[in-house]
Structure formats: C-alpha cells, structure tokens
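**Q** I need the structure of the sequence given here:
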Amino acid sequence: MKGRLFLLGISVGAVVLIAVWANTNRLPPPLELGALAARLEPGEELSGGATSVPDPGRNAFGRSPMNMARERWPEFHAGKRIFDRDWTDVDGPVHVGPLFIAPSCMTCHVKDGRGQPPASPKETPVSLAFQLSGPEGHGVHPRYGAQLDVRHLDGKSAEGTVEVRYDEVTGRFSSGEAYALLRPRYTFAALSKGPLEDGVRFSPRVAPVNFGLGLLEAIPEAALLANEDPEDRNQDGISGRANRVMTVEDGQTRLGRFGWKANQPTLRQQVAQALSADMGLTTTVFPLGQGQEAPSGDAVPEVTPEDLEKLVFYTRLVAAPKRRDWDAPTTLRGKAVFEAIGCASCHLATPFETEEVPGFPEVSRQKIYPYSDLLLHDMGDGLADGRPDGLASGTEWRTPPLWGIGLVKAVNGHTRFLHDGRARNLEEAVLWHGGEAALAQERYTRLPLTDRQALLTFLESL
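**A** The predicted model follows:
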C-alpha cells in the first residue's frame, strides 16, 4: 500500500509526519493528528494578492481592487451600472427577453455573490438555472433550447418552471454524531412546448460568485496543466484534467476556465454567454436572437460593443476578499487537517502567480490563493447530472474556488453550496463529495468532532 507524507509544522516548534494512505481500494487507518498545525505562509491572507479587499461585511464581494488607480474608478462603476441594470425596463431602448431567466446580472449574482435554490417547491427558481440537452446529452433541446426560460414579458408565456423537492439522506460520523443531507428531486411543470422526452438530460446550476474572475483568467495555462493527471500516474486517486472548449469568435479550442464544468474559455465569452442564455440579449459574440438560425442582415446587437466591454471590464476587476482570522490557532489546525485528509489535492492550498495582462495592471503578477486547480474531477454518482459539457462527463465538475466562501452568509444571507445549492452548510458540502474525493470525505467522517470543527473554521476564514 502506497502512502503520501505531509511534513507539517507545529506551533510549539516540533514537527510531525502524517502518513495519508492513497490506496483507494480500502479505507485509510484513522489519522493520528496529535498537535498538528499548519505553517502560516507569508501573504496567504491576501486571497487575491494586492487586489484583496479587507471588507468582511455585506459588500465584501462587489468592491474594486485595492490596487486600482483612482482614475479607473469611473470606468469600473460604469460597468457596475450595466451589471445592475434591469433589462425589463420598457422605457429603455432595449429590454430583456421576451423569454428569459433573469432581468439583470445582479438578480442571480446578488451583490456579486452566490445564488441559492428556491425556498419552496412552488417558488419559481431565481438564481438556479436548468440547462437542457438533446438526445443522449448532445446538443441543445430541439424545442426548449439550451436552458429552460422560466420568466417572460407581457404577451408571452414562460417555457415552464421547475419544482424542487428534497429527500433526506442520513449518515453517522465515526464519533457517533448523526447527520442528514438533502438530495434534490426536480419536476418540470407548466411546460409550454410540450413535455420533455424520456431521457432528456438536464443540469441544475446555481449562480456562482462573481469576484476574482480576472485573476483566474490571468493564471498561465501551463500552471494549470501542470496539475493534470488524467491517468492518475501518481496513484493518489486524483485524476484532474482540463476541459477544452471553442472560443466562438475565432473558432480556436482553448482551456476552459469558467462555469461549473469549465465550459467557457474566456471571461468575455462567459459574460456574453450569460447575457444570451440567461437574459436573451444579443451581442457581437452571440448575435443570434431566440429562434433565429442566422442574424438578419441589419441586426444590431442589443448590448452594444461598448456596453459589453464595460461589463467585461467590471467583471474582470471585481476583487476577491481578504481572509479573516487566518493566523488563529484553530484556523491553522483546520488548514492542516484540510491538507492531511486530501482536500488540497483539488482545492490547492498553494498559490498561483498570474501573468502580465495588457491594460490590467491590477490583476497582473499577483500571487493568489483561489483554492482550486480549475480542473475537471469525477465527483461520483451522488453529484452527477449525467450531462456532458465539452470534454466534461456527466460526473465531472470543475473544482470551484473556495476564496470568499466564509463570507457568503454575510453577503447573501444564506449558506447554500455545491452546484445546485443542495448543501445547507459547508459540512454538508464536504459530506456530498464522492468519486475522486470519496477518500477525503471518508477521512472527514472519521475525524473527531474537534478536528471537523477546526476544518470548518478554516473554510470560514477563506
């Protein structure tokens, strides 16, 4: 049986070696963590490097970078106005729809933060979108398109809605405490174009946070690919791989970075795709209107090129928050547990350094700690949507960055996590991990209560 050794410092100056067994065919022995604590790395509290915002309050996710020059503020705020704009304003020259999911970017990304599933089965989803596929998961649905539009303007009918209910899944920690998880069940209702065929694949996806995206785009491709191990050559049970997707403006295939399955290669395309799919707005990137097979000869994009650039400028520079209590003993203990049980195999605890980005000194040459490798990983049947997306299979998801995760409650007033918001708190999110993360999840359930609490304290500090 093969093991991996972590050399971890202890606050009193001693050192301990922890053997973390990587054989996935059997359960690991209980970890004897003792006085385990992680080293405090210089600058690790600055999740987004010099851009990091020291604001732990309700506006922590929507701030401009701390290193941005004052003369750039007007351009940043011009982009924010487009982000906040309600496109159902009939007095404006352009409005959303007629079928759409949300009337503004901010509707789903409230205060640039994270969405959540509906509070009751009969509530129309607001920040939980349902992507649809054609037969066997390929292409888009022939009648409903790429996503189900649950809202409409006057004179039109919504394509339908989705009722979300949950079944309880119970379990027990090795130390004896019980836990309960929620497994979602989805029922499509009031479908205006007829029922969905048997076997149609769909993917529920809650709106992710909207900060730090310019930094993620600035990570050198080679740095991300260095963590690929699709054949699991080191036999640690982790086989992350990159998604490869097409850039629609030049037809080139590039590394996917954005979206729950890394299905968008650039921030510009990610923004334009959201305008198109979520709000029904055309741009120079996605010029087709709803139901069109080709743009008409005199078609003018509903979002002007100038406004698109302003929105991309804003989205590129929304800053990541600075950590809190990063040097507290319990936090450091939790960080060490996080690394020792294997969470850091995908949610990398080591920093990336961004490359030079022309015109954007704020995000250039920054040491950042997103706690993600941005690669695809098989997360098991429990979290599977069964829907391929680019190279991503129906069980694979991009490792979501963890920076700012401890501030979701302060900013958005909830603690719903994972791609569909099923987890009601961070612990439930950990417990849902399967596939490549199954061994880390199992190790978590075998930890004593104090170490589980320490790990959650560390996550709250991010």
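
**Q** Which helix or which strand is home to V430?
**A** Assigned by DSSP states H and E, V430 belongs to helix 426-431.

**Q** From the contact counts, what lies against that helix?
**A** Contact analysis of helix 426-431 by 3 or more C-beta pairs under 8 Å, 6 or more residues apart in numbering; DSSP states H and E lists strand 178-189, helix 438-445, helix 449-461 as its packing neighbours. For every residue, glycine as well, the C-beta is placed using N, CA and C.

**Q** and the angle from the second one to helix 449-461?
**A** Okay, so that is helix 438-445. 120 degrees (axes from the mean of the first three to the mean of the last three C-alpha atoms, to 10 degrees).

**Q** what distance separates helix 438-445 from the centre of its chain?
**A** Using C-alpha atoms, centre = their mean, to the nearest Å, we find the averaged C-alpha position of helix 438-445 to lie 21 Å away from the chain's own average C-alpha position.

**Q** cool, stretch 257-268 as well?
**A** For stretch 257-268, the distance between its averaged C-alpha position and the chain's averaged C-alpha position is 10 Å (C-alpha atoms, centre = their mean).

**Q** Quick check: L213 vs K322, distance?
**A** Using C-beta to C-beta, to the nearest Å, L213 is found at 17 Å from K322.

**Q** of these two, who's got more company?
**A** Shown here are L213 and K322; by other C-beta atoms under 10 Å, L213 has more neighbours (23 against 20).

**Q** Q269 is in contact with the more buried one, correct?
**A** No - contact status for L213 versus Q269: not in contact, 12.0 Å apart, counting by C-beta atoms under 8 Å.

**Q** Low-confidence regions, the stretch 51-200 of the chain specifically.
**A** With pLDDT under 70 as the threshold, the stretch 51-200 of the chain has low-confidence stretches at 90-97, 155.

**Q** residue boundaries of the helices in it?
**A** Using DSSP state H, counting those that start in this stretch, the helices found in the stretch 51-200 of the chain span residues 73-84, 105-108.

**Q** Let me know which of those is tucked in deepest.
**A** Using mean count of other C-beta atoms under 10 Å, the stretch among the helices of the stretch 51-200 of the chain with the greatest mean number of neighbours is helix 105-108 (a mean of 22).

**Q** Output it as PDB, nothing but the C-alphas.
**A** Taking C-alpha atoms only, helix 105-108 is exported to PDB below (Å, rounded to 0.1, in the frame of the first residue of the first chain):
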ATOM      1  CA  CYS A 105     -26.900  40.200 -13.800                       C
ATOM      2  CA  MET A 106     -27.500  41.200 -10.200                       C
ATOM      3  CA  THR A 107     -30.700  39.200 -10.000                       C
ATOM      4  CA  CYS A 108     -28.800  35.900  -9.800                       C
END
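
**Q** which residues sit against it?
**A** Applying C-beta atoms under 8 Å, 6 or more residues apart in numbering, the set of residues contacting helix 105-108 from outside is 82-85, 101-102, 112, 115, 126-127, 129, 207, 210, 274, 278, 311.

**Q** do you know how far G406 is from L462?
**A** Distance, G406 to L462, using C-beta to C-beta: 5 Å.

**Q** between those two, what contacts are shared?
**A** Here G406 and L462 have R323 as joint contacts, going by C-beta under 8 Å, 6+ apart.

**Q** Test my guess that A178 contacts L431.
**A** No - between A178 and L431 there is no contact, the gap being 11.8 Å when judged by C-beta under 8 Å.

**Q** which residues do those two both contact?
**A** Both A178 and L431 are contacted by G171, under the criterion C-beta under 8 Å, 6+ apart.

**Q** Could you say which one of the helices and strands packed on helix 426-431 comes nearest to W73?
**A** Closest of those to W73 is helix 449-461, at 29.4 Å (criterion: C-beta to C-beta).

**Q** other SSEs contacting the closest one?
**A** Counting contacts by 3+ C-beta pairs under 8 Å, 6+ apart, the secondary-structure elements packed against helix 449-461 are helix 329-340, helix 426-431.

**Q** And that helix, what's buried?
**A** Judged by neighbour count using 16 or more other C-beta atoms under 10 Å, the buried positions of helix 449-461 are 451-461.

**Q** From P208, how far out is the most centrally placed residue in the chain?
**A** Note on the chain: the residue nearest the mean C-alpha position is P400, at 4.2 Å, using C-alpha atoms, centre = their mean. From P400 over to P208 the distance is 7 Å, taken as C-beta to C-beta.

**Q** cool, A438 as well?
**A** Note on A438: its distance to P208, by C-beta to C-beta, is 24 Å.

**Q** A178 and L431 - which one has more neighbours?
**A** It is L431, of A178 and L431, that has more neighbours when counted by other C-beta under 10 Å, with 20 against 8.

**Q** So the more buried one sits against R443, correct?
**A** No - the pair L431 / R443 is not scored as a contact, 11.9 Å apart, by C-beta under 8 Å.

**Q** where do the strands sit along the stretch 251-400 of the chain?
**A** Residue ranges of the strands in the stretch 251-400 of the chain, as given by DSSP state E, counting those that start in this stretch, are 252-255, 352-353, 367-368, 376-378, 396-398.

**Q** how about those strands in a markdown table, adding distance to R143?
**A** Supplementary listing: the strands of the stretch 251-400 of the chain in a markdown table, determined by distance: least, C-beta to C-beta, whole Å:
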| stretch | distance to R143 |
| --- | --- |
| strand 252-255 | 29 |
| strand 352-353 | 43 |
| strand 367-368 | 43 |
| strand 376-378 | 29 |
| strand 396-398 | 27 |
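
**Q** Which among the ones you listed is found nearest to G48?
**A** Closest among those, once you apply C-beta to C-beta, is strand 367-368, at 5.5 Å.

**Q** Need the residues that contact that closest one.
**A** Contacts for strand 367-368 (C-beta under 8 Å, 6+ apart): 43, 46-49, 212, 215, 219, 320, 351-354.

**Q** cutoff 7 Å now
**A** Residues from elsewhere that reach strand 367-368 (C-beta atoms under 7 Å, 6 or more residues apart in numbering): 43, 47-49, 215, 351-354.

**Q** Alright, I will stop here.
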